[in-house]
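>>> With the input below, show me the fold.
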Amino acid sequence: MAETIHLASARELDIEKTFECGQCFRWNADENGVYRGTAFGYPARVWTEDGEVYLCSDAPEKMWREYFDLDRDYAGISAGFHGGEYLDACIAYGQGIRILRQEPWEALCSFIISQNNNIPRIKGIIERLCLHFGEPFLYHNETRYAFPTPKKLASCTPEDLAPLRAGFRAKYLIDAAKRIASGEIDLEAVRKMPLPDAKAKLQTISGVGPKVADCALLYGLHRTECFPTDVWMKRAVSLLPKLSPADFGENAGIAQQYLFHYVRMHPELFK
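Sure thing, here's the model as predicted:
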């Protein structure tokens, strides 16, 4: 039975920033600003009302608190970042963003798909992936689809994945599925490895380079010491000449998200 629960204040959890900052791809807002999505096989609706965030789902509240990382003190962590006025502006602008604790396999696939891609197209590929290969289920009389399992994709050929219109990424998805379905790569074991070993292990998958590995680790395995770097982040870091990702320590991934969101929303900084 779906229940409505109060998650947090909108100051602690800004759902628009969190869902739209490039870390996840299965949450979409309707015309009223209500987000619908699925996490760990549980569909949900999330919305803000009178400065508070609410969620309706069959899953227990504990799961959602963990998913949104609500027991971590982001305000306290942010107060420990020192990088001058520019970094302060990024933090203030990104207030309310939280690093989601996503399902590791889904996060790995999502960031394989993200290569040389944009967010609307990534979302479309993932939607088609679930539609064609995920298990259907009913939610409020609406058919939804779970994220396909590694075993399901491991039996596919690139031709089978043609309807996704994923291009060169299809063969990478299949290689990842085969390695995980066979047990060659155990994502929970990767979670516990020293960071260099974890990155190296993920990069044995075809098509997974340093950036995709960092994203899978940060967003799927919650290794918040990871600092994914792409063209936007190179621009962002260029404005912090006296700092490097290592300066942010175990919370580098949180700092990265503030920086990434700010520069994506302020392209005029680089004109």
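
>>> show me the contacts for the residue nearest the centre of the chain.
Geometric centre of the chain, nearest residue: residue 23, 3.2 Å, by Cα atoms, centre = their mean. Neighbouring residues of residue 23 by Cβ atoms under 8 Å, 6 or more residues apart in numbering: 99, 100, 102, 218, 219, 257. For every residue, glycine as well, the C-beta is placed using N, CA and C.

>>> do the same with residue 66
If you count contacts by Cβ under 8 Å, 6+ apart, then residue 66 has residue 101 around it.

>>> repeat that for 10 Å
40, 60, 100, 101, 222 (Cβ atoms under 10 Å, 6 or more residues apart in numbering).

>>> Three-state assignment for it, please.
helix (DSSP: H, G, I helix; E, B strand; the rest coil).

>>> Just the pLDDT for the residue nearest to the centre of the chain.
pLDDT for residue 23: 95.

>>> element containing it?
Assigned by DSSP states H and E, residue 23 belongs to neither a helix nor a strand.

>>> And residue 143, by the same measure?
strand 142-145.

>>> follow-up on the earlier one: and the residue nearest to the centre of the chain, how far is that from residue 114?
Computed as Cβ to Cβ, to the nearest Å, the residue 23 to residue 114 distance reads 10 Å.

>>> any shared contact partners between the two?
By Cβ under 10 Å, 6+ apart, the residues touching both residue 23 and residue 114 are residue 215.

>>> what about the closest residue to residue 65 other than its chain neighbours, neighbour count?
Once flanking residues are discounted, residue 65 sits nearest to residue 71: 6.3 Å by Cβ to Cβ, 6 or more residues apart in numbering. Neighbour count of residue 71, defined by other Cβ atoms under 10 Å: 7.

>>> Likewise for residue 200?
13.

>>> Correct me if wrong: it contacts residue 193.
Yes - at 8.8 Å, residue 200 and residue 193 qualify as touching, with contact defined as Cβ atoms under 10 Å.

>>> Dump the C-alpha coordinates for stretch 263-271 into CSV.
Below are the C-alpha coordinates for stretch 263-271, written out as CSV (Å, rounded to 0.1, in the frame of the first residue of the first chain):
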residue,chain,number,x,y,z
VAL,A,263,29.1,25.8,-14.5
ARG,A,264,26.4,23.9,-16.5
MET,A,265,23.9,26.6,-15.6
HIS,A,266,26.3,29.5,-16.2
PRO,A,267,27.9,28.9,-19.6
GLU,A,268,28.5,32.7,-19.9
LEU,A,269,31.5,32.2,-17.5
PHE,A,270,33.5,30.8,-20.4
LYS,A,271,32.7,33.2,-23.2
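
>>> Show residues contacting that stretch.
17, 20-22, 86, 89-90, 93-94, 119, 231-239, 262.

>>> Okay, and which of these map to helices?
By the criterion of DSSP state H, membership of the contacts of stretch 263-271 in helices covers 17, 20, 86, 89-90, 93, 119, 231-238, 262.

>>> Just the buried ones from these?
Neighbour counting with 16 or more other Cβ atoms under 10 Å marks 17, 20, 90, 93, 232, 233, 235, 236, 237, 262 as buried within these.

>>> nearest residue to the fifth one other than its sequence neighbours?
Residue nearest to residue 232 in three dimensions, not counting chain neighbours: residue 263, with 5.3 Å by Cβ to Cβ, 6+ apart.
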